[in-house]
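1. Sequence first, predicted coordinates after that:
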Amino acid sequence: MNIRYAMETDAELVMELDQHIAKEEIKNAIHLHRIYLAEENGRVVGWLRYNLFWDSIPFMNLLYILAPDQGKGFGRQLVTFWEEDMTRQGYERLLTSTQSNEYAQHFYDRLGYQAVGGFRLDGEAYELIFFKKL
């Protein structure tokens, strides 16, 4: 598997795959090197997108592995790549979140993230916030 920063030439593909945020925000994230693409045999199998919480703590907004490629370790490899990149950039803490009814909470726990709180929006499942010290 190859992991790389998304490039401007990937913008259309990323916009097609990641419809959780506005297209302009995807372009900004690509420009800031805040989207990683995972490829297997030249095909995108997943991506990780992050931003900065309080303008200072990397917060993983989205980790997504395409359905046929789930369960093959790509998610773990993407998170590990992100953690190593954040360490190289001098960050010491990371955050992410997932809804309490999603399996991802167990995934993050296995990767050393600790649940540190959460919140509930109207009509949504409880959102768990996870923290990891690098």
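-> Arrived safely. Numbers count the residues shown, from 1 in each chain.
2. Show me the strands in the protein, by range?
-> Taking DSSP state E to define them, one finds strands in the chain at 2-5, 35-40, 43-53, 57-65, 93-99, 114-119, 127-133.
3. So in the chain, which helix runs the longest?
-> Taking DSSP state H as the criterion, the chain has its longest helix at helix 74-88.
4. for it, which positions count as buried?
-> 74-75, 77-79, 81-83, 85-86 (16 or more other Cβ atoms under 10 Å). The C-beta positions use only the backbone N, C-alpha and C, and glycine is treated the same way.
5. Could you dump the strands of the chain into a markdown table with mean neighbour count, distance to His106 and mean pLDDT added?
-> A markdown table is the format used below for the strands of the chain (neighbours: other Cβ atoms under 10 Å; distance: least, Cβ to Cβ, whole Å; pLDDT from 0 to 100):
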| stretch | mean neighbour count | distance to His106 | mean pLDDT |
| --- | --- | --- | --- |
| strand 2-5 | 14 | 23 | 97 |
| strand 35-40 | 20 | 21 | 97 |
| strand 43-53 | 19 | 18 | 97 |
| strand 57-65 | 19 | 14 | 97 |
| strand 93-99 | 20 | 9 | 97 |
| strand 114-119 | 12 | 11 | 96 |
| strand 127-133 | 17 | 11 | 98 |
